[in-house]
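> quick one: sequence plus predicted model below, questions after.
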Number of protein chains: 2
Amino acid sequence: ITTGQDDLFMTQFTKLHDFEKAQVYAELPSAIREVAWRIMDDETLATVFDNLEIDPEEIVSLLQEMPMQKGADILVAMFADNEADLLQAMPARTVSAYLALMPADEVKEIKQLINYDDETAGSLMATEYLAVQKSEKIKDVLVQVKKQAEEAESIIYVYVVDEAHRLIGVVSLRDLLTHPDDMTIDSITNTRVISVKAENDQKDVAQVVADYNFFSIPVTDDEDHLLGIVTVDDIVDVIDEEAVSDYSGMAAVDVSDTDDTAWHSAIKRIPWLLTLLVLGLASTALVGVFEHTIREAPILAAFITIIAGTAGNAGTQSLALAIRHFGNGQDQSGWKNLVSEFISAVVLAIIGGLVLGLVTLLWQGSNGLAIAVGLSLALSILAASLLAHLVPAALNRLNIDPAIVNGPLVATVCDWASILIYFSIATGMLSQFVGK
Amino acid sequence: ITTGQDDLFMTQFTKLHDFEKAQVYAELPSAIREVAWRIMDDETLATVFDNLEIDPEEIVSLLQEMPMQKGADILVAMFADNEADLLQAMPARTVSAYLALMPADEVKEIKQLINYDDETAGSLMATEYLAVQKSEKIKDVLVQVKKQAEEAESIIYVYVVDEAHRLIGVVSLRDLLTHPDDMTIDSITNTRVISVKAENDQKDVAQVVADYNFFSIPVTDDEDHLLGIVTVDDIVDVIDEEAVSDYSGMAAVDVSDTDDTAWHSAIKRIPWLLTLLVLGLASTALVGVFEHTIREAPILAAFITIIAGTAGNAGTQSLALAIRHFGNGQDQSGWKNLVSEFISAVVLAIIGGLVLGLVTLLWQGSNGLAIAVGLSLALSILAASLLAHLVPAALNRLNIDPAIVNGPLVATVCDWASILIYFSIATGMLSQFVGK
């Protein structure tokens, strides 16, 4: 943008979708971006900042390219949930500086939003919604809808509140449009309104919105006072984010950013790989303890990988089912789940043990070895399945998110258990197959 | 529901949200459900069937509890995308029987929908949308909005088409409400409308809707003729479904249904576990080939698990990154990715090899063994990382979804590679550490 082309730039820029404006803005060279923010009004810039889909820290640094007062004005013009996200990504001192430049009522409102825990309904909610009294006429509400249409994040629903701002019902814009203008709101109000509490976990909020196919859901405090709304576009992000985090856990690597350089990608993988390597050393030491057994029957070494590996696979499956189960908040029937897991582990153990035992018998022709290997596999599958179920169950009971246990970690711990089981049995049965 | 209580049941039932109606309906004892569908009109039943969130096969069996003609009427009253899903879940003969009972124009429309491939925009789209000509007045469009509000799945956007029904723009309900009634539509039409093609993959559609924060997106054919819309509630389901399938792949178990009985849960896990067990036998045979080496140096057995396990972990990480990468359709820069993966694998290999080599040296005090073990780990990590990157890359190039490769499968193949590498090196260097 050279001077004189400002108008041309703004004409082109205005035609873009909000998401594209944000993308273009973030990718401008910083000198040109400076020209850009100087010619844009606060509202347009707020739209740009509302639609940036990059790390909050990076958005903050874009904001800090401008004078403090302009930054504060843009924050005020943004949707409250996005504004709160940015303030939460700033150092405390910067937050105070920006808040000092905002109007007092805005400061009061935003301070409440900042206080909600991350990953709760409160942290996702926007405070731009439309609430009316039940005695109002449809035509008056429609006037308000039109007036607030520019500002509110969603005008698909109008919420009905009592004098104390407690949520008592909801009216869809559809119903507003299709009923006579002079009816009062309470005649078309749906009083069975589904809402969530500000401290509810974002996963649970996402589940409700997904089940009910809502475009937005109201958020209340414990006394049912309407605090804000969570819109479906935020829910889409939540589902995506939770899925990426579960998936990352399964593979012990953060897959949230695929644009990383090779160096960053390696760095990101190293901590877990080294942790697992160190934990894996315990397996090595365990086998070392049984060096004498292996000296007597070297063929035993051939079955280490398959027993430990199969136990690891069974454990990974159990873990995936358990995380999915507890992650969905279905923790009511703890014992029933454990029994189910136990029964299915027994079935798996019997089938796995029989198959490996039979193959070993055909290959090595030794009853003793076949029994030792098959029995070890069966017990290892059993141990791995129960371990991978009980650990997330226990974490869930302690209110810790079971997703912190990742797949490879479980596989490593299953290695320990299966090696111990295998070599204990093999050492005990050694006389059955050595020398044959 | 005993007779006489019909009215009471319907009064209570009507108060429920659509999703709850569907839940209640599906869970009624079948005798009572028969009473229920007899007293409900087709529209209400269509709403129930539109909101059932169970397997299409189960929905079909609920539909078949009714006479064919009633079933056909309900199908016609349902949203077209849901109707198409149900027809696709029926045997061909049943489909013909239902189609024979529907009006001809409905049959023509639905036949087109059934033809779209699963997991494409076409299979997700609803045909209930509002399209107007650009010359129409806002007030006339608002009349149409009110009239169609009951039927159309989403009236947040009105689409503007030319005489040939080609999509030329979009108007938000917000803009309709906030502009003077006597303006023509073209003065408030946004002509930079983002649309998708009917054959586009549902993942790509979800990405666009998530990025742009749309409530719905229009679907067109290759000549831009408007065919239907995909709404955000379907996108929420797509994101959830794709995430569950990626996650299931990582753990080699289908986690989509957490309400399974123990028996079903075991059955579901058995095929993969047995496949992996059989593939794992190759590792056993490989180690068996090197039985002589182990006889000479039994301590070698102690490092099998850690080398194979660490290679498997590195492979799982690479696979997760690759699936995520190719799954997002970012296949433009194949070579660049391979180079990145190679560089990060080298870094990981050097660090892992040094750590394990050093630990071995301190533990066993043998230079030869330390070098053999460290070098084997480094080469195994390198091989595993490249393997787990190249296989999904190749599948992607062949237009096969790379998510068919699962974590444990990669770990098993990495076992083969690392055992081969380890015992080849150890056998070659045997003279360096045997006898010490």
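All right, it came through fine.
> identify each buried residue in stretch A:362-378, please.
In terms of neighbour count (16 or more other CB atoms under 10 Å in any protein chain shown), stretch A:362-378 has its buried residues at A:363-364, A:366, A:368-378. Placement of C-beta: from N, CA and C, glycine included.
> what mean pLDDT does it get?
Averaged across stretch A:362-378, pLDDT comes to 91.
> how about the residues of the stretch 101-250 of chain A near chain B?
Residues of the stretch 101-250 of chain A lying close to chain B by CB under 8 Å from any CB of the partner chain are A:142, A:145-146, A:149-150, A:155-156, A:173-174, A:177-178, A:192, A:194, A:209-213, A:215, A:232-233, A:235-237, A:239-240, A:242-244, A:246-248, A:250.
> if any of the residues you listed are buried, put those into a ChimeraX selection.
Selection of buried members from these for ChimeraX, criterion 16+ other CB under 10 Å:
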select /A:142,145,149,155,156,173,174,177,178,194,209,210,211,213,215,232,233,235,236,237,239,240,242,243,244,246,247,248,250
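> give the burial count for A:L124, as a bare number.
Residues lying near A:L124 (other CB atoms under 10 Å in any protein chain shown) number 29.
> for the one 5 residues further on, same thing?
Other residues near A:Y129 come to 23 when the count uses other CB under 10 Å.
> now it: how far from chain B?
Here the criterion is CB to the nearest CB, to the nearest Å. By it, A:Y129 lies 14 Å from chain B.
> likewise for A:T412?
Distance from A:T412 to chain B, by CB to the nearest CB: 7 Å.
> any idea how far that residue is from B:I306?
9 Å (CB to CB, to the nearest Å).
> now A:E43
60 Å.
> more neighbours, the two?
B:I306 (29 against 13).
> which one is the more buried one nearest to, not counting chain neighbours?
Distance criterion CB to CB, 6 or more residues apart in numbering or on different chains; nearest residue to B:I306, sequence neighbours excluded, is A:G280 at 4.2 Å.
> the one you found: neighbouring residues, count only.
Look at A:G280: counted by other CB under 10 Å, it has 24 neighbours.
> show me how far the helix or strand it falls within is from its chain's centre.
Here A:G280, judged by DSSP states H and E, is contained in helix A:262-289. Distance of helix A:262-289 from its chain centroid, counting by CA atoms, centre = their mean, to the nearest Å, is 26 Å.
> surely A:D233 is in a helix?
Yes. The assignment for A:D233 by DSSP: H, G, I helix; E, B strand; the rest coil puts it in a helix.
> related to what we said a few turns ago, mind giving me the packing neighbours of the helix holding A:G280?
Contact here means 3 or more CB pairs under 8 Å, 6 or more residues apart in numbering or on different chains; DSSP states H and E; on that basis helix A:262-289 packs against helix A:407-428, helix B:304-327, helix B:334-364.
> for those helices, give me JSON lines that also has distance to B:V48.
Listed next are these as JSON lines, based on distance: least, CB to CB, whole Å:
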{"stretch": "helix A:407-428", "distance to B:V48": "40"}
{"stretch": "helix B:304-327", "distance to B:V48": "35"}
{"stretch": "helix B:334-364", "distance to B:V48": "48"}
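> any idea which of those is most buried?
helix B:304-327 (a mean of 29; mean count of other CB atoms under 10 Å in any protein chain shown).
> quick one, it and helix B:334-364 angle?
Using axes from the mean of the first three to the mean of the last three CA atoms, to 10 degrees, one finds that helix B:304-327 and helix B:334-364 are set 160 degrees apart in direction.
> between helix B:304-327 and helix B:262-289, how many degrees?
Using the same axes, to 10 degrees, helix B:304-327 lies at 120 degrees relative to helix B:262-289.
> same for helix B:304-327, what does it pack against?
helix A:232-251, helix A:262-289, helix A:304-327, helix A:407-428, helix B:232-251, helix B:334-364, helix B:367-397, helix B:407-428.
> let me have these in TSV, extended by distance to B:Q5.
Formatted as TSV, the helices and strands packed on helix B:304-327 follow (distance: least, CB to CB, whole Å):
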stretch	distance to B:Q5
helix A:232-251	37
helix A:262-289	60
helix A:304-327	38
helix A:407-428	53
helix B:232-251	33
helix B:334-364	65
helix B:367-397	58
helix B:407-428	54
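> now for these, which one comes closest to B:I168?
B:I168 sits nearest to helix B:232-251 of all the helices and strands packed on helix B:304-327, at 22.9 Å, using CB to CB.
> show me what the closest one is packed against.
helix A:202-212, helix A:232-251, helix A:304-327, helix B:202-212, helix B:304-327, helix B:407-428.
> tell me the contacts of the most centrally placed residue in chain A?
By CA atoms, centre = their mean, chain A has its centre lying nearest to A:E242, at 2.1 Å. Taking CB atoms under 8 Å, 6 or more residues apart in numbering or on different chains, we find A:E242 in contact with A:Q202, A:K203, A:A206, A:G327, B:A243.
> quick check: the residue nearest to B:I306 vs B:A311, distance?
Using CB to CB, A:G280 is found at 11 Å from B:A311.
> so where's the stretch 151-300 of chain A uncertain?
A:151-155, A:255-262 (pLDDT under 70).
> try it again with 80
Within the stretch 151-300 of chain A, the ranges that satisfy pLDDT under 80 run A:151-156, A:174, A:243-268.
> A:I217 and A:V193 touch, don't they?
No. Counting by CB atoms under 8 Å, A:V193 is not a contact partner of A:I217; they are 9.2 Å apart.
> now do the helices in the stretch 1-150 of chain A.
A:6-15, A:18-27, A:30-39, A:42-50, A:56-63, A:68-77, A:80-88, A:92-100, A:104-114, A:121-124, A:138-148 (DSSP state H, counting those that start in this stretch).
> what are the buried residues along the last one?
Applying a neighbour-count criterion of 16+ other CB under 10 Å, the buried positions in helix A:138-148 are A:I138, A:V141, A:L142, A:Q144, A:V145.
> please apply the same query to the fourth one.
Along helix A:42-50, these residues count as buried under the neighbour rule (16+ other CB under 10 Å): A:D42, A:T44, A:L45, A:A46, A:T47, A:V48, A:F49, A:D50.
> domains for chain A, by residue range?
A:6-115, A:131-231, A:262-433 (automatic domain parsing).
> for these, which one sits closest to B:V60?
Counting by CB to CB, B:V60 lies closest to domain A:131-231 out of the domains of chain A; the figure is 20.9 Å.
> quick one: low-confidence parts of the stretch 301-436 of chain A?
Checking the stretch 301-436 of chain A against pLDDT under 80 turns up A:323-337, A:395-407, A:433-436.
> doesn't A:V171 make contact with A:V193?
No. Contact criterion CB under 8 Å: A:V193 and A:V171 do not qualify, at 9.8 Å.
> what's the overlap in contacts for those two?
A:Y159.
> of the two, which one has the most company?
The neighbour count for A:V193 versus A:V171, taken as other CB under 10 Å, is higher for A:V171 (24 against 20).
> and the more buried one, that one's in a helix?
No. Going by three-state DSSP, the assignment for A:V171 is strand, not a helix.
> now it, nearest residue through space, not along the chain?
Nearest residue to A:V171, sequence neighbours excluded (CB to CB, 6+ apart): A:V158, at 4.8 Å.
> correct me if wrong, but the one you found is in a strand.
Yes. With three-state DSSP as the criterion, A:V158 is located in a strand.
> got a list of what it touches?
A:L130, A:A131, A:V132, A:V141, A:V145, A:V170, A:V171, A:S172, A:L173, A:L176, A:I185.
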